[in-house]
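A.B. asks: Give me a 3D structure for the following:
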Amino acid sequence: MSSKPTRMTKDRIEKMSKNERLKAAVEEYLQNQGAKTQKETGKKFRLKEYEISRYINKGPNGKQNILLLKDQEASLIKDLEQLIDQNIAVTKVMVKNMVIQLYKDRTGIIKENISDDWCKKFRKRNPCVKLKSVNFQDELPEISDQLKKSRI
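C.D. replies: Below is the predicted model of the structure:
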């Protein structure tokens, strides 16, 4: 038996507490992203646009969302160590992409950017994870050779 999403009528919205309205508004906004703006969704649920935005960005407690839970970070470290053991150069971009995916899986929200400061703190917390910087020459040796020949 599948559960159908309940239709939000004005009467149902009126009976909800502000916190319930906020959760329902965020859920509806994320499900229909692109169809309605935060302002339109907020108007329907008697909320201000910034309240929806704040909930999405900072979570229900009003604090900055934690990117990874402890078990997720442990799993990420294990995955990175396996890549390092296979002699795959683990870069900061790879770590950021993995974190974005883990965050999306946990929250359903697509985080567009992970700061370099977060990466520095992650590396400081986990000194066993050695990140490599990949040079242009390492990525594309044929083009690198052609550039060297053209300079001579």
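A.B. asks: quick one: pLDDT of S3?
C.D. replies: Listed pLDDT for S3 reads 49.
A.B. asks: Sorry, wrong one. I was asking about A74.
C.D. replies: Looking at A74, its pLDDT stands at 91.
A.B. asks: can you confirm it is in a helix?
C.D. replies: Yes. Judged by DSSP: H, G, I helix; E, B strand; the rest coil, A74 forms part of a helix.
A.B. asks: contact partners of stretch 7-25?
C.D. replies: 6, 28, 41-42, 44-47, 51-52, 55, 60 (CB atoms under 8 Å, 6 or more residues apart in numbering). C-beta here means a position set from N, CA and C on the backbone, and glycine is covered the same way.
A.B. asks: switch to 10 Å and redo it
C.D. replies: For stretch 7-25, the surrounding residues in contact (CB atoms under 10 Å, 6 or more residues apart in numbering) are 6, 27-28, 38, 41-47, 51-52, 54-55, 60.
A.B. asks: Remind me which helix or strand the residue nearest to S75 when sequence neighbours are not counted belongs to.
C.D. replies: Spatial nearest neighbour of S75, chain neighbours left out: L102 (7.9 Å); criterion: CB to CB, 6 or more residues apart in numbering. Using DSSP states H and E, L102 maps to helix 92-107.
A.B. asks: Which positions in stretch 114-129 come out as buried?
C.D. replies: Buried residues in stretch 114-129, counted by 16 or more other CB atoms under 10 Å: 114, 119, 122, 129.
A.B. asks: about what we covered before: pull the most distant pair out of the contacts of stretch 7-25.
C.D. replies: For those, the farthest-apart pair by CB to CB is T6 and R54; their separation is 24.9 Å.
A.B. asks: Mind checking which of the buried residues of stretch 114-129 are in strands?
C.D. replies: Among those, no residue falls in strands (DSSP state E).
A.B. asks: Specify which member of the residues you listed is nearest to K70.
C.D. replies: Distances from K70 to those, taken as CB to CB, are shortest for F122 (12.8 Å).
A.B. asks: which residues in this structure form strands?
C.D. replies: So, for the chain - with DSSP E - there are no strands.
A.B. asks: domains of this protein?
C.D. replies: Here the domain assignment for the chain is 10-58, 70-137, based on automatic domain parsing.
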